[in-house]
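>>> Structural data only, the sequence is not supplied:
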């Protein structure tokens, strides 16, 4: 066991994650705030201080806060104003999205890899929407959806050309994705995500989501893992797949596994839902 608590056997097996750039400190701090249910003045001031400490994050957050998606008539001119107008939870999730996007910036120059980020954004948006009907915390659902594939995102940050090549091989030959990742990198993105979530001191539930989001739910309870599992499948069904060779499900079948309270999201049909998600993904991207 090393001094940092990482097993030497893990470092041997997880060679593909060695020397990985650290996760943005601003995103880690925002994640810590996300796990605190309080929205008191101290926490709000702390969030504003964190965002202001990063000029690029501040400017990008303000740009997105002023986008037509939020339909605000008055222009948001400061981080403090953004917190007041958009609300504490919305600013936290926006700041986290911007921070993760900045982490992926170099990798996203490859068009194939942009699909991975767009899938994560679509999953975050759908997790957020579904959480309202499933009576789960909205900001936790968005965060879990955004970071469910953190293992994949880390692999493409460290090995962008190799992961882009893997995407092509999987699509051309209809290969199983997780097994193909293990063959190339010695680890699949679920294992990588769970390890990184613990290594980067993410909240424990995010490590569980990263590890288990592809597993069929064990029972009928609507947990955060099950919510992200369904949102992930729904993102694929709406055209936000990572692997385009995979056959899409009928969105209506996925909604059949959700509480009836969620059915309002299908008003106008799957295409209308896809259009709404696409608009938000384009803004966030």
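Ah, there it is. Quick caveat: nothing in here was measured; it's all calculated off a predicted structure. Residues are numbered from 1 along each chain as shown.

>>> quick one, what contacts residue 153?
100, 103, 104, 107, 116, 117, 120 (CB atoms under 8 Å, 6 or more residues apart in numbering). The way it works is simple: take the backbone N, C-alpha and C, and place the C-beta from them, glycine included.

>>> Now residue 96. Nearest residue, chain neighbours left out?
With sequence-adjacent residues excluded and distances taken as CB to CB, 6 or more residues apart in numbering, residue 96 is closest to residue 30, at 4.8 Å.

>>> Name the SS class of the one you found, please.
helix (DSSP: H, G, I helix; E, B strand; the rest coil).

>>> Strands of the chain, residue ranges please.
In the chain, no strands are defined using DSSP state E.

>>> Could I get the contacting residues of the residue positioned nearest the centre of it?
The centroid of the chain falls nearest to residue 146 when counting by CA atoms, centre = their mean (1.2 Å). Shown in contact with residue 146 (CB under 8 Å, 6+ apart): 93, 96, 97, 100, 120, 121, 123, 124.

>>> same check, this time on residue 55
By CB under 8 Å, 6+ apart, residue 55 has no neighbours at all.

>>> picking that back up, residue 206: which of the contacts of residue 146 is nearest?
Checking the contacts of residue 146 against residue 206 by CB to CB gives residue 96 as the nearest, at 11.2 Å.

>>> Surely that closest one is in contact with residue 31?
Yes. Counting by CB atoms under 8 Å, residue 96 does reach residue 31; the two are 6.7 Å apart.

>>> Comparing these two, which shows the higher neighbour count?
residue 96 (25 against 22; other CB atoms under 10 Å).

>>> The residue nearest to residue 262 when sequence neighbours are not counted and residue 205: what is the separation?
Counting by CB to CB, 6+ apart, residue 133 is the residue found nearest to residue 262 once chain neighbours are left out, at 3.5 Å. To residue 205, residue 133 is 20 Å away according to CB to CB, to the nearest Å.

>>> same check, this time on residue 273
26 Å.

>>> quick revisit: now list whatever residues contact both of residue 96 and residue 31.
residue 143.

>>> how close does the closest residue in space to residue 120 that isn't next to it in sequence sit to residue 196?
Leaving aside its chain neighbours, residue 120 sits nearest to residue 149 (5.3 Å; criterion: CB to CB, 6+ apart). Residue 149 sits at a distance of 11 Å from residue 196 (criterion: CB to CB).
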